[in-house]
Every structure is written in structure tokens, then in C-alpha cells.
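> I'd like to go over a predicted model; first the sequence, then the structure.
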Number of protein chains: 2
Amino acid sequence: MASTREEGSDELRDVALLPEPPRGPLWAARARASFPWRELALFWEGNDTLRFKKTVFSALENDPLFAPGAAPSVEKYQEVTFLRCKRVFEYDFLPLEDALQRPERVMSLIQCLSAYDLSLAATFSLHLLTFGSMIYTSGSERHLKYIPEILSAEIFGCFALTELSHGSNTKAIRTTAHYDPATEEFIIHSPDFEAAKFWVGNMSKLATHAVVFAQLYTPADQGHGIHAFVVQIRDPKTLLPMPGVTVGDVGRKLGQNGLGNGFAMFHQVRIPRQDLLNRMGDVTPEGTYVANFKDVRQRFGQSLGSLSSGRVFIMAMTTVNLKLAVSIALRFSATRRQFGPAGGEEVPVLEYQMQQCRLLPYLAATWALDHFSRSLFLALQELQQGLLRNDWNRQAELGREIHALSSAGKSLASWTAQRGIQECREACGGHGYLAVNRLGSLRDDNDPNCTYEGDNNVLLQQTSNYLLGLWARRRQGGGRIESPLKTVDFLDACADTLGQRFAVCSPEDCLDSSVALAAYEWLVCYLLQESHQKFNQEKQSGNSDFEARNNCQVYYCRSLALAFLELAVVRRFHEFSHQPRVPPPLQAVLRRLSALYALWSLNQHTALLYRAEGRFRRPGGRDRPPR
Amino acid sequence: MASTREEGSDELRDVALLPEPPRGPLWAARARASFPWRELALFWEGNDTLRFKKTVFSALENDPLFAPGAAPSVEKYQEVTFLRCKRVFEYDFLPLEDALQRPERVMSLIQCLSAYDLSLAATFSLHLLTFGSMIYTSGSERHLKYIPEILSAEIFGCFALTELSHGSNTKAIRTTAHYDPATEEFIIHSPDFEAAKFWVGNMSKLATHAVVFAQLYTPADQGHGIHAFVVQIRDPKTLLPMPGVTVGDVGRKLGQNGLGNGFAMFHQVRIPRQDLLNRMGDVTPEGTYVANFKDVRQRFGQSLGSLSSGRVFIMAMTTVNLKLAVSIALRFSATRRQFGPAGGEEVPVLEYQMQQCRLLPYLAATWALDHFSRSLFLALQELQQGLLRNDWNRQAELGREIHALSSAGKSLASWTAQRGIQECREACGGHGYLAVNRLGSLRDDNDPNCTYEGDNNVLLQQTSNYLLGLWARRRQGGGRIESPLKTVDFLDACADTLGQRFAVCSPEDCLDSSVALAAYEWLVCYLLQESHQKFNQEKQSGNSDFEARNNCQVYYCRSLALAFLELAVVRRFHEFSHQPRVPPPLQAVLRRLSALYALWSLNQHTALLYRAEGRFRRPGGRDRPPR
């Protein structure tokens, strides 16, 4: 993906970078590979990324602080994770200029930390990429003072948005920030325990600072909606809470217990006026609110826009989990023998059709999702560069598209990983159930990916709303449907697409992902029309927008969002595996992976394809034109 | 199910047995119930069972040994689970005469212990129902001496079948038992570490005795296949291993860490001749083997027949897990409010279509699977009573049917629970991810149900083999297809069934489970024919039986086994909810649950129904008669 063909070829003899795996029970299976594995690794990652990852892994492997050990208590685990996080900053894998010039290295570092331990990756990225980026992108000059302290981990940060009673519906959070012109301070306050900040990663015992989201009030006016503030919550020397701050740990979780999720209540906590992150709106010393945007809803959307970044990183992290699980399960399956022909030797379980059918689609999914999350990450870089230039108009469409892709993308990737890891664990039988074999901790650590940074089912609505919005605008004469990343452009030909019939002569014809791709385009067009129609029916029967939307989720909007995202992933991987610069020895294997992922995903929708086909077929056997 | 209408009515005013739940946030949702909940509880469980369960729960609630506390270390957890298990025996909830006369109380007790902690239920049932029952049913007079010691927990037992390298393929275990006529002893021996007994529940630190499965050899002959032996592995006073026994813990697992799974190697361990469990075959003092059966394979089948019992108990235990998870998630959803109409109050999340669609089918599944596992348990009682009377012929067919039902039944129930608990955890968002809310431990404790006592995918082959065997026999002129529990009798009308077309006018017509039931019969007939044909094709292309069977699993035999079991569950629950003695106020709710479970299950097979329908439809629109 990142390297060129020439770069890769030079490296093929670099055995130090990609040494031969040790001879052992896996040798027989590896010897049967149909492709040169070093060339694939180099083509996929690129020389620079491979070297960078090797640097990181080598450092961790040789550092006793990262040596594996017995499962620690939750307290110890949080403590050692924090120490490891600090150590990662000390290694300075990613000097600021590198991070800005080669942002793909940020992604690589997170992938390495995730492969080591998701708790560490979460701790590190919540501090640097959520807390740090929020200050960098939503603040202004006056907040740059925090950046060196963040990069040196002198201060340790967290991102305090959700509250005990408001997780998904973050617009309804109830923490307040009243401005007091007398002292030029904001007063941060939690009205009651249900408004306590809750689930905040890093907050439990060690964070010194939080970006706190609160409803902003100035003396003269109504509220101005949600804004973000930098609030010091602990003394960096003693780690004692600051006056008025009640802060602690939310308790043991199903996974990621190395990450300290905390709660906090604020009792009239005063912070300087300057600690409002003021990119979207500011308050003058006298207490006048000055908006950089006209519309409060647009402002809120922008404020949460940076959450796309979190979701893209989650896609990458969850894909690492799946990659690890699939590797463990495939290696076990290639060496574990069980049953065999009468009188013969027992057979490696990987040779069974059933085991292949259980595991290989998840292998293909790993490649497809890895590619998709990296390409979305690059798009996000473009978005963020544009936002820093205050280039709102050019970037607004891109922001909306990335929001839609990252919302359903995080859902699809985390669910695929969750189901895949469970399948891997079961496919390894009892040995998969033993903690030491890691499938359990991978599954448990992956689990929150399905509900945090937006519950998957709620996020899918963001994506379907985006698509329905495009469709409605076009039907009202809004011109072509198109988007910066071109993921929705095919919808413009919806009527033509729906008129096409599936015409494949043999199963072999389906072994190129272009076939599944065409079926997916048809399917998404169909679901979009159906969802649009269902919503209108609900409205016509007297339901409010709120009710109508809720009643369209099952079978309609939810399926639409998932199918759309699957299509986007299938398309990207199809294009990648069919580009001319794929080295010839790798073409076959990449195209097989692409076809397998596409067909396996599409297979979930077979009933819908049959049903839809029936709807378009006239009783006399002639096709009915689409509406 | 167990009580009569009259019995129930008398008890309706017995508030002590079923006291009013406390007033609280759930009150509003409870007040909207469409049926009298006390009457449903009494009708479902019966007065006797309700009282028995209340006795057990009250004892545990009032005993400090069972008080909830912080998560203990694995070592402490195993220790306290063993103490609790002993305490349960001390309470003597189930005197031997009760257990024999009212076997449903055994099931009730296991359900209560499962609801408290699955590790305790597993520890208790492995000792009493697996180890104890094995000695009782596979031994003879000379083994009765163990029974009082088992019931008083003076000795503590385990069931040592699987080995490190043989989990699913238990026929290939390699532990040996050579008979030595000189001392009238068997020499139990593990040839190497891959033949170590592994995963044995209760063995790790506390079991004093094991039923050990080993290949039996007498001096004069070839081996006689697998037999079971009672082997003392530890001194009951000191818990030190007996000479020649190496025994220990397998290590931390994903769940059920209160249960001590162990390993053992035997180094020429000598045991008295009498400790062979000799119901199926014995060795004379001189060393002559005397079979009670003619055929070694039949003997092995019989020896493993008692595993049906384990699977039926797992069905009950896994259903308890699902019941707990669904209760937690539904109660949370009825009180958790999130989002709402513009300007209005936030809405309980249970009111959302999506949340209902995620959770209510699992509620229905809980009822359907609970009913099915109890009815299978009663059939098993009949089987075991017959076996004790050496009534082989009459019981052989029943045994095969129960084997088929419990194999796919354990698979279906454990997977339904595993997926259901995961859905419940996600449906509760972050709060479902907090360990204190128990959904994580329910899922983790449930997890091994999918792979132990037979890996689910391997077990499904037992069921499909049973069905294919019946079908092949009939095609070879073997007469009617019928079975003692009548679960396969519909296959006899396969040709007629496949000739029927689905003819329902409106969605409302589907709201009785009879509609899904008819579709299921069609589906199972179709899958049976397809699987049979696929197997023959594989054979005709030159594959061995072993290869042919393996190549029929995906899309054919696996689907067949699952659909057959779903049909059996749907049929039982349909019959139960439509019987005349259902009290009128309960009819509607039970029938709705029955229809919901049936339609939801059938919905997984929609693509197959469409596809099959296409195959049977002639181009001209006229139906093609089934082959």
C-alpha cells in the first residue's frame, strides 16, 4: 500500500527486517504457501512502516517493563500500564515533526501498542490523540502551552464527555459552566450524581487534566450549548484531587482493566476564562459570547467531528485484535490433529472444510478492514489539515462523509472482530478457552469497541441519516449525488442499477470481487429506496420525525448503513487488489482474499437479494422497472 | 408445566411464596404487564418446584459463605467454591430417596446453583452427576460402596476422559490399563505428556477420586477398547497425590475460574481389579475378558451414552445464564432513558423498536429452551431407568434419539445463550460493560458450554448422522421413520411435505407458531434430502466416507442438525402453549412467546427457503413436484 514495487524488491533479501520464522510444527503448512510472504509484507506495509514497527517492537521486547507476567490485580495493572505509557513517550518513537509530517506513523505506533496490549494503546491514545488532539484542534494559540507538557507526559489527560445518565445522548449532558466576569473564571459544576462524568478513560487514578464538556452559560444570555474546557483535576506531584473535584475509578470491567476508567463530579470548580477551548466560540472577559459559527447545532456537530478520529483509531485497534486472534487460531489449526480416515493418521483440523469456513473469512476480513481503516485515516488527515486552515466550506462535505464512514466503519469493524475472536476461541476448543492462549483477553479487550465512542447501533443511524439526507436532497432536485471520497457517487445511478439483473453463469464467475461489488451496489440502492419509502410511510401515518426514524431502524436503516459500509470496504479492497502495481506473484492471493471477503459479507444479505428479486419480477416472468 | 391448574389457583394468594417485588423504578413497566405474573410462575414451575427453589435460595441468601464479595484470586475462588459445594451437601437439599423419586428436583437444584454461580453448579454436578452417576450406572454391586461417600462428599470426584491431544476425538485417547493377574490389579499409565488427562473439572487441587477412561488390555488378547476405572488420585486427609500420580491445575481460563480444571499423568499406577466399572465388560481374576456386549463400537457408544445426561444439564445451565442476562438487560432497558422526541422527556430504551428487536427474541428463547431442556431431562430419566433394568433393546432407540437431541440441543442452547448474553451486554452500553453488572461473568462462564462435553460443531454431526442414518435405512426399504419421542416421525411424510407450498395471506397469520412449525418441517425435509444427495455425490466422486462426510458439513449437515433441533424446540413449545390446560389469562402471552421464538429462529433460514422455493418452481409458474 505504501511502498512502491521497486522499494519492495530491494528489500526482499533483507532477512534482518523479516527473518525466517523458526523451524517447528508450523513448517509444513508454511512451506505450502502459494505466494512469497516477504514480498506481501513489504507490499502491504511498505519498507518505512515495516522498519518503524520493528523499531517499536524491538524496544518493547527488550524492555523488562514490557515482559509478560502473571495476570496482575486491577490496581497493579492500571499502574503498570501507566508506567508503560510514560516509557513509550520516553522512547520518543514519534517526535512531533515526524507525527505531523508522517501521520501514518501515528497509526503504526497505535497498531504496535494494540498488538502488545489494548489497555496500553487506549491509555496512550486517549492522552495523546483524544485529549491532546482536542486541545490542539479545538483550542487556539493560548492553549499551545499544553502541547509540550502533553508530549512529555508531564501532564496526563483524559476526555470527559459522557455522564452516568447520558452515554449515547451526549447532547443532553448536564454539567454546567457558568461564566463569572468578576473573577474572569468559569464555574464547572455537576448538578447531581446522574450528571457525574462517567467512563472517562485515564481519569480513574492518574489523569491530571481533563477536557470537560459542559453546557456554557454567560450572565446575560440563555445557554450557548456544549463547549469544551481544560480542567485540572489533580495535582501532578501528589495526584491528590483539586479542590471541589471528586474523582475515582468506576470499578472492574469486562476487559481493558489496564485502562483506568473514572468518574468525576465538580463542585463549583473555578477555572480561568482562557481554558475554554475557543475555536468555535469564545467568551470575552466581560462575559459576552462570541460565536465563530452561526448555528449551535452546526457547532455541536463540529465539536464532535473530532470523534471521527477516535473511531478511525478504534477501527485500526479492533482490526489488530482480529489479526492476532486469527493468527493464533490458524496456527493452532494447522498443527492440531483430530480425527482422520479409518486406519490413517489424524488430520490437521485446518484441513476440515468446516474449520476453513469458520476461520478463513475472518482472515480475509482482517486484510479488507486493515486496508479500509488505513485509507480512512489518510482521508482524516486531509480533513484535519483543512480544518486547521479554517477551510470550512471545502471541508464540510468531506467531514460529513468521513463521519458517516467512520460511524458505520467502527461498528462493522468492532462487530466483525468481536464475532471473529469468539469464532477463533471456539475453533481452538478447550485450548482456546485457556487464558494463556490470549483469545479470551483479546475478546474482552475488544468488547468495549462495540459500545464506546458511540454505541454501534446508534452510530449506524448517523450513516443511514447521511444517506437518506443525500437521497432526499436529490429527489428535491438537489443535483448529482457525489462526495469527496466518492463512496456515494454510485447512488446517482440508482434507477439504472436497480434495473440490472444478476447474470452470472457459474460459481467460478463469482470468484472475482467485481461480481459481489455489483450486487452490493444493487443492494444498497434497494435498501436506500426502501428506507426512504418506509420513513415517508411512517410520517404519513402521523408519526413525528423521532418516532418515524425509530420505526425505520430494524430491517431498513440499520441494514442500509451496514450494507453501505460493507460495500465501501469491498470496493476499496477490490480496487487495491486489482491495481496494476500489485506485483504479479501477489495478485492471485490478494484477489482471492478480496473475493472471499466480498462474498462472505454479501452472503448475510442473501435473503434480501432473493426477496428483492421477487419484488421486481413480474408474474409473467418479465422484469418490472424499478420505481 | 408441573402443576395443575387447581394447585396453581390455590396458591395465588400465597404472597410469601411469590412476594410482590419492591416498589422502585421498574414499577411503571411492571404495572403494564398483560398477564398475571404469579399465575404464570406457578403454571410454569409448579408449586412443588417453586417451593423447593425458594428453600434453596433462602438457605444460600442467609448463609455468609454465599455472601457476594470482591472478585477473589483464582486460588481463593476455587477454594471457596469447594467449601460452598460441601455446604450444599450439608444442607441435604436432596436426600437420595428424593433424588430418585423426584428427579426433577435434581434439575431444580442445578438451576438454583447455576443462578448463584456456574462454577459452583459445575463443581457440584461434576462430582454428583458426572462422577457419581457414572459409578452408579456403569458400575455394579461392588461399586455401591462409593455412593454414601459421594453423597456425604467424603470423597470428591472427577471425570477424566479427555487428554491434552485428544479432546473431540475421545476414541483415540491413549491412557492404558493393563491387567496383571499376579496381583489382580490394573496398571494405569500415561505413555507421554500428550496423553495426560486434561481439562478434568474438579481435578486440579481437591478431587480425591477420578473415573479414568483408558484402553484396556488383558495379557492374552489385543486391546478391548476404552473402559472406565475408579482411581484414587489423592489422599482425602492430606490432599497429597497418590504414588505415581502427577496432578495439577491447567491454569487460568476465560471463565468458571471457581471450577478447578486439572491435568493428571499416571505412572504405572496400580488399582484393584474391582475398580473397573464393569457394567459393559469385566475381567476375571485370571485375566479373561468377559463382554456384556458383542460389539466394541456398541460398547463405546453405550459408555459415552451417559454423556447425554451431561449435555442435558448443560442445556439447563446455559439457559439459566441466558435467563439471568435477559432479566438484567430488560430491567435496565425499562428504566434507562436516552433520547426522546424534540422538547419531550427522554424515552426508556426498551420502548425503541431496535432494543425490543435485540432483546425480546432472547426472552422468548429462554422460555422455549427452558421447556425443551426440562422435557428432555424427563426423557433421560426414562432412558436411565430402562438402562438400569438392562432393558437394552427397548431403550436403544430412545438412547439414540436422546443422543441426537442432546447433541444438537446442547449446541443450540449454548450458542443461543452466548450470543444472547453478548447482545444483552451490548444493549446495556457502558453499564453492561461494568463487571459488577454481571453480564461479563455470565458470558465468560457460559463460554465453555460451547466446546466442552463435545465441541458444538462436532456434536452437530452426531445429530445429522442420526438423521441421515434413518433416511438411508428407509430408502433401503427399512419401513417407517419413527422414534420413541416422535421427533423424527414427520420425516416419514417427507415427499408430501416437500410438495406443500407456503400459503399465508397476511403477516398476522404468522403470529401463531403453527405457521413457522410447518415451514420448519418443510425446511428439515429439504435439508435432509439435500444432505443425503450431497453425501452420495461426494462418495460417487471417489471420496472415502470420512472425506465425504467432512465435505457435507457446511451448508448441508450442519444446517440440517440445527434446523432439526430448532424444529424440535419450536414443536415442544408450540404444543405446550396450545394445550387445553393452559389457564386462559396465560394463553396469549405464552402463544406470543412461542410464535416469536419460532419466527425469529426461522428467520435465519429465509435465504434457504427462498432458494429452495426457486428450485421447486417451474419457469411457467407451476410447481415442480419434489424429487
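The structure has been received and is ready for your questions.

> Any residues of the stretch 1-150 of chain A in contact with chain B? List them.
Applying the criterion C-beta under 8 Å from any C-beta of the partner chain, the portion of the stretch 1-150 of chain A that neighbours chain B consists of A:A71. C-betas here are computed from N, CA, C, even on glycine.

> In which helix or strand does the nearest residue to A:F52 once chain neighbours are set aside reside?
The shortest distance from A:F52 to any non-neighbouring residue, by C-beta to C-beta, 6 or more residues apart in numbering or on different chains, is to A:S108 (5.4 Å). Here A:S108 sits within helix A:104-116, counting by DSSP states H and E.

> Distance from that helix to the middle of the chain?
Relative to the mean C-alpha coordinate of its chain, helix A:104-116 is positioned 13 Å out (C-alpha atoms, centre = their mean, to the nearest Å).

> Quick check: phi and psi on A:D235?
The phi and psi values for A:D235, taken as degrees, to the nearest 10, are phi -80, psi 120.

> list the contacts for it?
A:D235 sits next to A:208, A:242 when contact means C-beta atoms under 8 Å, 6 or more residues apart in numbering or on different chains.

> What's the mean pLDDT across the helix or strand hosting A:A29?
Using DSSP H and E, the secondary-structure element containing A:A29 is helix A:27-31. Taken as a whole, helix A:27-31 carries a mean pLDDT of 94.

> Equivalent analysis for stretch A:452-472, please.
If you average the pLDDT values across stretch A:452-472, you get 94.

> Is it in proximity to chain B?
Yes - contact between stretch A:452-472 and chain B is present through A:452, A:455-457 (criterion: C-beta under 8 Å from any C-beta).

> Which pair of those spans the longest distance?
Taking C-beta to C-beta as the measure, the residues of stretch A:452-472 next to chain B span a maximum distance of 13.2 Å, between A:Y452 and A:N457.

> Looking at the two, which one has more neighbours?
A:Y452 (24 against 21; other C-beta atoms under 10 Å in any protein chain shown).

> isn't that one right next to B:G430, touching?
Yes - at 6.7 Å, A:Y452 counts as touching B:G430 under the criterion of C-beta atoms under 8 Å.

> Look up how far A:A214 lies from A:H224.
Counting by C-beta to C-beta, to the nearest Å, the gap from A:H224 to A:A214 is 11 Å.

> Can you pick out the residue with more neighbours from those two?
A:A214 (27 against 19).

> so that one sits in a strand?
Yes - counting by DSSP: H, G, I helix; E, B strand; the rest coil, A:A214 falls inside a strand.

> show me the contacts for it.
Applying C-beta under 8 Å, 6+ apart, the residues contacting A:A214 are A:173, A:175-177, A:188, A:226-227, A:229.

> Now with 7 Å, please.
For A:A214, the residues meeting the contact criterion (C-beta atoms under 7 Å, 6 or more residues apart in numbering or on different chains) are A:175-177, A:188, A:226-227, A:229.

> for A:A220, same thing?
With contacts defined as C-beta under 7 Å, 6+ apart, A:A220 is in contact with A:G287.

> Identify each of the strands in chain A and give its residue range.
Remark: strands of chain A, listed N- to C-terminal, are A:157-160, A:176-180, A:185-189, A:197-201, A:209-217, A:223-232, A:245-249, A:261-266, A:269-272, A:281-283, A:289-291; assignment by DSSP state E.

> Can you name the two of the contacts of A:A214 that sit furthest apart?
A:I188 and A:I226 (12.9 Å).

> If you count surrounding residues, which of these two has more?
Taking other C-beta under 10 Å, A:I188 and A:I226 do not tie; A:I188 has more neighbours (25 against 21).

> Quick check: the gap between A:L369 and B:N603.
Going from A:L369 to B:N603 by C-beta to C-beta gives 27 Å.

> Could you check which of the two is surrounded by more residues?
When A:L369 and B:N603 are compared on other C-beta under 10 Å, the one with more neighbours turns out to be A:L369, at 28 against 12.

> okay, now the closest residue to the more buried one other than its chain neighbours: neighbour count?
Sequence neighbours aside, A:T319 is the residue nearest to A:L369 in space, at 4.6 Å (criterion: C-beta to C-beta, 6+ apart). By the measure other C-beta under 10 Å, the count of residues near A:T319 is 28.

> Kindly report the same for A:V347.
Residue crowding around A:V347 was assessed by other C-beta under 10 Å; the count is 17.

> Do you know the pLDDT at it?
The confidence metric pLDDT takes the value 92 at A:V347.

> hang on, isn't it packed against A:T335?
No - taking contacts as C-beta atoms under 7 Å, A:V347 lies outside contact range of A:T335: 11.7 Å.

> Now do the contacts for the closest residue to chain B within the stretch 301-450 of chain A.
Scanning the stretch 301-450 of chain A for proximity to chain B using C-beta to the nearest C-beta identifies A:G440 as nearest, at 3.5 Å. With contacts defined as C-beta under 7 Å, 6+ apart, A:G440 is in contact with A:425, B:254.

> ok, now A:L94?
Applying C-beta under 7 Å, 6+ apart to A:L94 gives the contacts A:105-106, A:109.
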